[in-house]
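Enquirer: turn this into a structure:
(one chain, ligands or ions: 1)
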Amino acid sequence: MTASATLLNDARGVRVTWADGSSRDVSARWLFDHADDARDPVSGQRAHGALASAEEARRIETAAIERGALQVRFAPSGAQLRIDLSRLRTDLAASARAIEPWQAPDPIAAAPPVPFKDYLGDDGARLEVLSRVARWGVAFLDGAGREPGAVERAVEAFGFVRETNYGRTFDVRIEPRPGNLAYTDRPLDLHTDNPYRDPVPTVQLLHAIVADASGGETVFVDGFAHAEALRRAAPVAFETLARTPVRFSFADDTGARWSHQAPVLGLDAGGDVEVVRLNHRSLDLAHGEPGAVDAWYDAYLAYYRRLHDPAAAFGRRLAPGEMVIFDNRRIVHGRRAMARESSRWLQGCYADIDGLRATLARLERTRALEPAHAV
Ligand SMILES: [Fe+2]
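Expert: Residues are numbered from 1 along each chain as shown. Prediction:
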């Protein structure tokens, strides 16, 4: 079978059939916008404006497959454009989410940490780390030494530091007059960081510089996987957490106050969870009708208990030189109690997930273009 193109829908679209028999119906306006020739050859950006398809591509005059490309002549403009057949197929493929939810920590526990120097110096190692963050939401490094500043070097390998009122980096250690419960020896409930910010920091890094603590394990749980489990087991509770905005607030000792209102489970347009906001320390719930407040608490605690199931968690006492990079919209994290006399210093840093994804895309593309190694 050879590839073919047939006009349909009063010539406002075309049915493209590939050599393997699979086919897709495609609109004329979409084709006009996605043709190879529609893009500026230097920048790769679309060169024409939004109205061009309405003015120049009302119909298709002719469509044919020639030399591996769909050739289309549009009316009334007479514009003749081409689109590579294999690229067309890729562009039309549904973009599946590349995440791998984990309800139990087996895949995380089975993946050895990547050496820090390899992550900085070797594209393959960096690709492995960034793709773990994309797939599982979390990746571990070791061998990062005991010098402060390693988290900034780790971020600069994929993007830019997200500076906040805590600075370019922040230090999680026991302080005499802590402005945040993170800086005490108390255990910390599972949480995402800073849901009182808009936008919330999307990537977080933590580097253990000192860790002679007994206890003080850092714990990670996949908030997305357990939100989906809640949706299957208790759909009303899931909807309550996804549809009810709640406020999170934080005030520092200068009187500055950060405050943002949003649901615990933020959904994307397709209904998938795209952000978890969970932080009981900064929850600033408004009181409404008591029945509605109780219903919200029931839903909140149903999710909270799932996350705190010991079987859900990956716990690791970060040794000096170990570092973790995680998606702060997906992974809830916490800390088990430390002995009071213990000494522990984690340095943290925030960054943006778009930079991480952009670097991951570049590394994946470079890998795809590499010639296969002979065996
Ligand atoms: Fe935290």
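Enquirer: please enumerate the strands of the stretch 251-375 of the chain.
Expert: Secondary structure of the stretch 251-375 of the chain, counting by DSSP state E, counting those that start in this stretch: strands at 257-262, 265-267, 273-276, 314-316, 323-327, 331-335, 344-351.
Enquirer: deepest-packed of these, please.
Expert: Mean neighbour counts were taken over the strands of the stretch 251-375 of the chain using mean count of other C-beta atoms under 10 Å, and the top value, a mean of 25, falls to strand 323-327. Where C-beta positions appear, they are placed from N, C-alpha and C, glycine not excepted.
Enquirer: any chance you could map the strands in the stretch 101-250 of the chain?
Expert: For the stretch 101-250 of the chain, the strands defined by DSSP E, counting those that start in this stretch cover 114-115, 138-142, 170-173, 188-191, 203-211, 218-222, 246-251.
Enquirer: which residues are in contact with the lowest-mean-pLDDT helix or strand in the chain?
Expert: The least trusted helix or strand in the chain, going by mean pLDDT, DSSP states H and E, turns out to be helix 85-92, with a mean of 88. The contact list for helix 85-92 (C-beta atoms under 8 Å, 6 or more residues apart in numbering) reads 3, 16, 18, 24, 26, 34, 36, 65, 68-70.
Enquirer: the domain parsing of the protein - what is it?
Expert: In the domain annotation for the chain, the residue ranges read 3-90, 106-362 (automatic domain parsing).
Enquirer: which of those domains is buried the deepest?
Expert: The highest mean neighbour count among those belongs to domain 106-362 (a mean of 17), with neighbours defined as mean count of other C-beta under 10 Å.
Enquirer: pull up the distance across that domain, start to finish.
Expert: Using C-alpha to C-alpha, to the nearest Å, the gap from the first to the last residue of domain 106-362 comes to 29 Å.
Enquirer: and what of stretch 238-252?
Expert: Terminal residues of stretch 238-252 are spaced 33 Å apart (C-alpha to C-alpha).
Enquirer: for that stretch, the distance to its chain's centre please.
Expert: Put simply, stretch 238-252 sits 20 Å off its chain's centre (C-alpha atoms, centre = their mean, to the nearest Å).
Enquirer: rewinding a little: relative to P148, which of the contacts of helix 85-92 is nearest.
Expert: Taking C-beta to C-beta as the measure, P148 lies nearest H34 of those, at 48.0 Å.
Enquirer: list the contacts of that closest one.
Expert: The contact partners of H34, by C-beta under 8 Å, 6+ apart, come to 83, 88, 91.
Enquirer: can we see that at 7 Å?
Expert: Taking C-beta atoms under 7 Å, 6 or more residues apart in numbering, we find H34 in contact with 83, 91.
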